[in-house]
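**Student:** test case, fold it:
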Amino acid sequence: MSDESNKPTTSFATDGTEIKPASPFKGIFPILAIVICAIVAHVIFYKVFGNENNFKGGIEAKEAYTAFEEKRSAFEDANPGELFPEEEPKHWTAGEPDNTMGLIYKGGFVIPIGMTLALVLFVFTVERGITLARASGKGNTDVFVKKVRRLLHDGNIDGAADLCDNQRGSVGNVIKAGLRKYREMEAASDLEKEQKKTAIQAEIEEATMLELPMLERNLPIIATTASLGTLVGLIGTVLGMIRAFSALGEGGAPNAAELSVGISEALINTALGITTSALSILAYNFFTTKIDGMTYAMDEAGYSIVQTFDVRN
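**Tutor:** Below is the predicted model of the structure:
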C-alpha cells in the first residue's frame with residue numbers, strides 16, 4: 001500500500017475553516033491526573049506527615065532504627081541464613097504525634113486515599129473552571145446575547161456575526177453557526193419557508209450538541225469524588241472504631257494510647273471524607289448551573305435567529 005494512505009486527512013467545516021483533530025492527550029488526561037494525584041498524596045503522607053519531627057522522640061527513634069537496620073544488614077551479610085538476635089526497635093511513627101501532621105498520619109492508610117480524592121477534586125475543579133471560563137467567551141454571556149438579539153431585531157446579521165467573532169467561546173460558536181445557516185437559507189430558492197426555518201433550527205441544535213460534551217467533560221469525576229469521599233471517610237471511621245474497641249478489650253484493661261489512636265483515626269478520616277464530599281457537591285452544582293446558563297443562552301439566541309428569519313422572509 002502507498003504511504004499516502006497512512007497520512008492523516010485534513011477535514012474542513014462548511015465555511016472552509018480547518019477542523020483540527022482532537023488531541024490524544026485529552027483522552028488520557030483524566031487517568032494520568034488521577035495517577036499523579038495518588039502518587040503525590042502518598043508521598044505527602046509518608047514523607048511529610050510521617051516525618052520524624054512530627055512525633056515525640058521521633059528523631060532519637062529514627063537514629064536508633066537506622067542504626068539497627070545498619071547492624072542487621074552487616075550481620076546478615078556476614079552470617080547468611082542466620083537471624084539477627086537483637087529485637088527491632090519501634091518505628092518513630094509508632095510514637096505519640098507532636099503536631100497536627102503527626103496526628104493526621106495516625107489516621108492510617110485510608111488517609112492517603114482520601115487525600116487522593118481531595119487532590120483529584122482540586123485538579124478537575126481548576127480544569128473545569130478554566131475550560132468553562134474559555135467557553136463563556138470574552139465578555140458577559142447575558143450581555144452578549146442581549147446585544148445579538150438587538151442586532152437581529154434591527155436586521156443587522158453581519159453585525160451579529162462580527163459580535164460572535166469578538167465574543168468567541170461556545171455560545172458565540174453556536175450563534176455564529178445559526179447565523180451562517182441563516183445566510184445560506186436566505187440564498188436558497190428551492191426550499192419552502194418552513195423548511196428553511198427547520199434547517200436553521202437543526203443547525204443550531206447540532207452546534208449545541210457538539211459543544212455540550214466539551215462543557216460537561218470530567219464532571220462525572222467530580223460527582224464521583226463526592227460519593228467516594230463519604231465512603232472512604234466511612235471506611236476509615238469504621239477501621240478506627242475497630243481499633244478503639246480492640247484497645248478497650250485488651251487484657252481486661254483499656255489501652256489508653258491505642259484507644260486514643262483509634263478514635264483519632266476515626267475522626268480524622270470522617271473529617272477528610274465529609275469535607276471532600278461537601279466541596280465536590282459544591283463544585284459539581286456550580287459547574288452544572290454555569291453550563292445550564294450557557295445552554296439557555298444558546299437556546300435563547302437560537303430562538304431569536306429563527307424568529308427573525310420568520311419575520312423578515
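
**Student:** quick one: contacts for F75?
**Tutor:** 82, 84 (C-beta atoms under 8 Å, 6 or more residues apart in numbering). The C-beta positions use only the backbone N, C-alpha and C, and glycine is treated the same way.

**Student:** quick one, strands of the protein?
**Tutor:** 11-12, 18-19 (DSSP state E).

**Student:** quick one: the helices in the chain?
**Tutor:** 24-43, 58-78, 100-105, 110-136, 141-153, 157-167, 169-187, 193-216, 219-249, 256-312 (DSSP state H).

**Student:** okay, buried residues for the shortest one please.
**Tutor:** Using 16 or more other C-beta atoms under 10 Å as the test for burial, helix 100-105 gives 101-105.

**Student:** please apply the same query to the fifth one.
**Tutor:** The neighbour-count criterion (16+ other C-beta under 10 Å) identifies 141, 144-145, 147-149, 151-152 as the buried residues of helix 141-153.

**Student:** among these, which one sits closest to S277?
**Tutor:** Among the buried residues of helix 141-153, T141 lies closest to S277 (C-beta to C-beta), at 30.1 Å.

**Student:** which residue packs closest to that closest one, ignoring adjacent ones?
**Tutor:** Excluding the flanking residues, the one nearest T141 by C-beta to C-beta, 6 or more residues apart in numbering is A297, at 5.1 Å.

**Student:** what do you get for H153?
**Tutor:** Residue nearest to H153 in three dimensions, not counting chain neighbours: T308, with 7.2 Å by C-beta to C-beta, 6+ apart.

**Student:** now the one you found: how far from G107?
**Tutor:** 61 Å (C-beta to C-beta, to the nearest Å).

**Student:** those two - which one has more neighbours?
**Tutor:** Between T308 and G107, G107 has the larger neighbour count (other C-beta atoms under 10 Å), namely 26 against 21.

**Student:** thought T208 was touching M298?
**Tutor:** Yes. Shown here, T208 and M298 form a contact pair, counting by C-beta atoms under 8 Å, at 5.1 Å.

**Student:** helix or strand with the lowest mean pLDDT in the chain?
**Tutor:** One helix or strand of the chain scores below all others by mean pLDDT, DSSP states H and E: strand 11-12, with a mean of 52.

**Student:** what sits against the most centrally placed residue in the chain?
**Tutor:** In the chain, the C-alpha nearest the mean C-alpha coordinate belongs to F124, at 2.1 Å (C-alpha atoms, centre = their mean). For F124, the contacting residues are 30, 33, 218, 221-222, 225, by C-beta under 8 Å, 6+ apart.

**Student:** circling back to that earlier point, residues contacting the residue nearest to H153?
**Tutor:** 152-153, 155, 182.

**Student:** where in the stretch 151-300 of the chain is pLDDT low?
**Tutor:** The stretch 151-300 of the chain contains residues with pLDDT under 70 at 249-254.

**Student:** distance check, G262 against V48.
**Tutor:** From G262 to V48 the distance is 23 Å (C-beta to C-beta).

**Student:** neighbour count for the two, which is higher?
**Tutor:** Neighbours were counted for G262 and for V48 using other C-beta under 10 Å; G262 has more, 23 against 12.

**Student:** how about the more buried one, what does it touch?
**Tutor:** 240-247.

**Student:** for it, which non-adjacent residue is closest in space?
**Tutor:** Closest to G262 by C-beta to C-beta, 6+ apart is A244, at 3.0 Å.

**Student:** roughly how far apart are the one you found and P112?
**Tutor:** For A244, the distance to P112 - C-beta to C-beta - is 21 Å.

**Student:** again with G293
**Tutor:** Separation of G293 from P112 (C-beta to C-beta) stands at 37 Å.

**Student:** higher neighbour count, the two?
**Tutor:** P112 (22 against 14).

**Student:** would you agree that one is in contact with F45?
**Tutor:** Yes. Contact criterion C-beta under 8 Å: P112 and F45 qualify, at 4.1 Å.

**Student:** ok, the residue nearest to N255 when sequence neighbours are not counted - how many residues close by?
**Tutor:** Nearest residue to N255, sequence neighbours excluded (C-beta to C-beta, 6+ apart): A247, at 4.2 Å. Residues lying near A247 (other C-beta under 10 Å) number 19.

**Student:** so who does A247 touch?
**Tutor:** Taking C-beta under 8 Å, 6+ apart, one finds 254-259, 261-262 in contact with A247.

**Student:** so what's T308 scoring on pLDDT?
**Tutor:** For T308, the model assigns a pLDDT of 86.

**Student:** same thing with T10?
**Tutor:** pLDDT, T10: 52.

**Student:** how close does the residue nearest to the centre of the chain sit to G293?
**Tutor:** According to C-beta to C-beta, F124 and G293 sit 20 Å apart.

**Student:** appreciated, that's everything.
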